[in-house]
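Undergrad: sequence and predicted model, in that order:
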Amino acid sequence: MINQNLYKPTAILELLNRHGFTFRKRMGQNFLTAYDVAEKAAATVDKTCGVLEIGPGHGALTAPLCEHAGKVVAAELDERLLNVLKETLAGYDNVRVILADAMELDLTELCREEFTGLTPCVCANLPYNITTPVLTKLISHGGFRTITVMVQKEVTARLTAVPGEERYGVLPALLRGRYTARVLCDVPAGRFYPPPHVDSAVVTLERLTPPVVPEGLWDRYARVITAAFAKRRKTMTNALTSAGIPNAAELLTACGYDPRIRGEMLDAADFVKLAERI
């Protein structure tokens, strides 16, 4: 049974004080106090899943994940939280807490070593300061069936953006090559301790079967997208030329596009066509 003290600010403060922990703003530490939100996020996985959690904090999401998943690997950057997690997760035998920087993790090796016989997934309350690079890394890896994350509400608007919308850019274009995005729920700032200055939301990315981007084409696909949005007001001809891709106008014409088109009007399948021609 879940320890409800994990979601009570007074109990959280007492727990942290007992372990001599103080919050560090630069690490984006805002701990979830909403059990219903944690349960909703954790319910995106089941006992067939091996789950990577990034930034477990004091374990408010980790505990429900242990209830739902076959195995949980929680990667925590702050060494001071290891003893906190040892206490709050003491009742679970299907969790491993590791001291690690998410951006330094070898995801392929981690899945091979930790999740044999299980379906790899991600579920995390991501620190705001690393949201974009971590999501880019997870999407580019492509090996996770679902990626469920708590992020700033503004980020969910980007993740669900479609071509032609102002928020459409590198991250949603990359995402649409492998995943679909669905918002599960909003999470007001007051449901964290300490409360951040912005509201959040939980969004789940579900892997497409088959993916839009063919096997082996991802690096070129990502290269074209990065070039397309490096300068938003540039035409694709100028954007590709600036990225060192030769004969850009001819390339676009051969794929059936006006050389004056801009990147924000292209979807994943369009970027695939361009990548295949490079």
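TA: Sure thing, it's come through.
Undergrad: would Glu154 count as being in a helix?
TA: Yes: Glu154: assigned to a helix according to DSSP: H, G, I helix; E, B strand; the rest coil.
Undergrad: tally of neighbours for it?
TA: 13 (other C-beta atoms under 10 Å). Where C-beta positions appear, they are placed from N, C-alpha and C, glycine not excepted.
Undergrad: now that we're looking at the residue lying closest to it once chain neighbours are set aside, what pLDDT does it have?
TA: In space, Glu154 comes closest to Val198 once its chain neighbours are excluded; the distance is 7.2 Å by C-beta to C-beta, 6 or more residues apart in numbering. Looking at Val198, its pLDDT stands at 94.
Undergrad: now Val198: which helix or strand?
TA: Following DSSP states H and E, one finds Val198 outside all helices and strands.
Undergrad: ramachandran angles for it?
TA: Main-chain torsions, Val198, degrees, to the nearest 10: phi -130, psi 160.
Undergrad: isn't it up against Gln152?
TA: Yes: Val198 lies in contact with Gln152 (C-beta atoms under 8 Å); the separation is 5.3 Å.
Undergrad: higher neighbour count, those two?
TA: Each of Val198 and Gln152 has its neighbours counted (other C-beta under 10 Å); Gln152 has more, 18 against 13.
Undergrad: residues touching the residue nearest to Glu154, list them.
TA: Residues in contact with Val198 (C-beta atoms under 8 Å, 6 or more residues apart in numbering) are 128, 152-154, 189.
Undergrad: the same query, at a cut-off of 10 Å, please.
TA: By C-beta atoms under 10 Å, 6 or more residues apart in numbering, the contact list for Val198 reads 30, 128, 152-155, 188-189.
Undergrad: so which of these comes closest to Leu15?
TA: Asn30 (15.6 Å; C-beta to C-beta).
Undergrad: now that closest one: closest residue in space, sequence neighbours ignored.
TA: Per C-beta to C-beta, 6+ apart, closest to Asn30 is Phe192, 4.2 Å.
Undergrad: mind listing what the one you found touches?
TA: 9, 29-34, 37, 57, 60, 125, 150, 199-200.
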